[in-house]
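Undergrad: Using only what follows, build the 3D model:
(one chain, ligands or ions: 2)
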Amino acid sequence: MPVLKVNNLLKKFGGLVAVNNLSFTAEKDEILGIIGPNGAGKTTVINVIAGTLPVSGGEVVFKDRQVTELPAYQRNQLGISRTFQTVRPLQDFTALENIMVGALFGKKLQLNEAREKALKICEYIELERHDLPIDKLTVLELKKIELGRALASDPELLFLDEIMAGLNSEETWQMIELIRKIKENEVAICVIEHVMKVVAELTSRVIVLDRGDIIAQGPYQQVSQQKQVITAYLGKEG
Ligand SMILES: Nc1ncnc2c1ncn2[C@@H]1O[C@H](COP(=O)(O)OP(=O)(O)OP(=O)(O)O)[C@@H](O)[C@H]1O
Ligand SMILES: [Mg+2]
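TA: Residues are numbered from 1 along each chain as shown. Ligands and ions are numbered 1, 2, ... in the order given. Predicted coordinates for the structure are as follows:
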C-alpha cells in the first residue's frame, strides 16, 4: 500500500493552472524526486498535499485515509511533514526552541517533553549549536533547523523543498547522508530539487513537472535523457 496517493490533483490560481490533474503515489521504502524548471508547480504540489493551500480539485489519500479537506495541522499530526523552500525560523527563538515548535504542534507534547524530543533531534541531525539564536547560525544550520522542525512531528511522509539550496559541496554531502539516514527509519521522502547531482544520488524514481503536468517519470538516469525533459529545462517557446 502506498503511503501517499494523489488522484487528479488540481490547483488553480485564478486563471493559472499551477497543478494540472496530477496522479501519483509515494511508497515507504523510496526517496521520490519531484523535479522540473522554475514555476513548474513543484512547491504548489507540496502545498496542496500538506494542506498549506486548499485544492481546486482531486484528492489526497494518506495511508488509505482521505485527507483532502483536513487543515494542515491535522495532516501534520497524522504524519505528513514538510520543509519550506524559504527557511523562516522564528527569529527571537534559539535553534532548539524552533525545533520544539514542531513537537508542540505536530505531537501535542508538553513543553518539557517537546524540549527532550528537540534535543534528541538535534543529536540525530548533528546540530550542536542549538542554544544559539537564529542570527548566529550558518545556512547549513538553518536548513537543519527546518529539517529538525519537520522531523519533530514524527512524519511518515516528508517533503523536502530544495533543502540543498545555498549549501556548498561538502554541506550538500552531509545533507545527503542525513536524508539517507532518515529514509532508513521507514519515512517516505519526496525531494524537490534543482541540484541534479543530488537527484541522481538520492532518488530511486523521479517525476518531472512542467507547467503543472507530469511530462516524464522513472529513474533519473532514464528521464534525464528524454527529449521533452531536456527541452523543458532548456526552455521553449510559447
Ligand atoms: N500563492 C500563489 N498565488 C498565485 N500564483 C502562485 C502562487 N504560488 C505559486 N503560484 C504560481 O504557480 C506556478 C507554480 O509555482 P511553484 O512555486 O509551485 O513552482 P515551483 O516548481 O516550485 O518553482 P521553483 O522551482 O521556482 O520553486 C507559478 O506560475 C507561480 O507563479
Ligand atoms: Mg518551488
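
Undergrad: so the closest residue to residue 193 other than its chain neighbours is in which element?
TA: Distance criterion C-beta to C-beta, 6 or more residues apart in numbering; nearest residue to residue 193, sequence neighbours excluded, is residue 199 at 5.1 Å. (Glycine included, C-beta is placed from N, CA and C.) In the assignment (DSSP states H and E), residue 199 maps to helix 196-202.

Undergrad: Packing partners of the following helix or strand past that helix?
TA: Next along the chain after helix 196-202, taking DSSP H and E as the criterion, comes strand 205-210. Helices and strands touching strand 205-210, as assessed by 3 or more C-beta pairs under 8 Å, 6 or more residues apart in numbering; DSSP states H and E, comprise strand 31-35, strand 213-218, helix 220-223, helix 227-234.

Undergrad: Sheet partners, orientation included, of strand 205-210?
TA: Its sheet considered, strand 205-210 pairs with strand 31-35 (parallel), strand 213-218 (antiparallel) by DSSP bridges.

Undergrad: Could you look over these and pick the most buried one?
TA: strand 31-35 (a mean of 25; mean count of other C-beta atoms under 10 Å).

Undergrad: now it and helix 227-234, what's the angle there?
TA: With axes from the mean of the first three to the mean of the last three C-alpha atoms, to 10 degrees as the basis, strand 31-35 and helix 227-234 are set at 60 degrees to each other.

Undergrad: Can you tell me what sits against strand 31-35?
TA: With contact meaning C-beta atoms under 8 Å, 6 or more residues apart in numbering, strand 31-35 is reached by 26, 42, 45, 179, 183, 188-194, 196, 199, 202-209, 220.

Undergrad: on contacts alone, who are the packing partners of the following helix or strand past it?
TA: Going down the chain from strand 31-35, the next helix or strand is helix 42-50, by DSSP H and E. In terms of contacts (3+ C-beta pairs under 8 Å, 6+ apart), helix 42-50 is packed against strand 4-13, strand 16-26, strand 31-35, helix 72-78, strand 80-82, strand 157-161, strand 188-192.

Undergrad: Out of those, which is closest to residue 51?
TA: For residue 51, the closest of the helices and strands packed on helix 42-50 is helix 72-78, at 3.6 Å, according to C-beta to C-beta.

Undergrad: Buried residues, that closest one. List them.
TA: Buried residues in helix 72-78, counted by 16 or more other C-beta atoms under 10 Å: 75, 76, 77, 78.

Undergrad: and what of stretch 177-188?
TA: For stretch 177-188, burial by neighbour count (16+ other C-beta under 10 Å) applies to 178, 179, 182, 183, 187, 188.

Undergrad: Stretch 79-98 now?
TA: 79-85, 87, 89, 94-98.

Undergrad: show me which of the residues you listed neighbour ligand 1.
TA: By C-beta under 6 Å from any ligand atom, the members of those lying near ligand 1 are residue 85.
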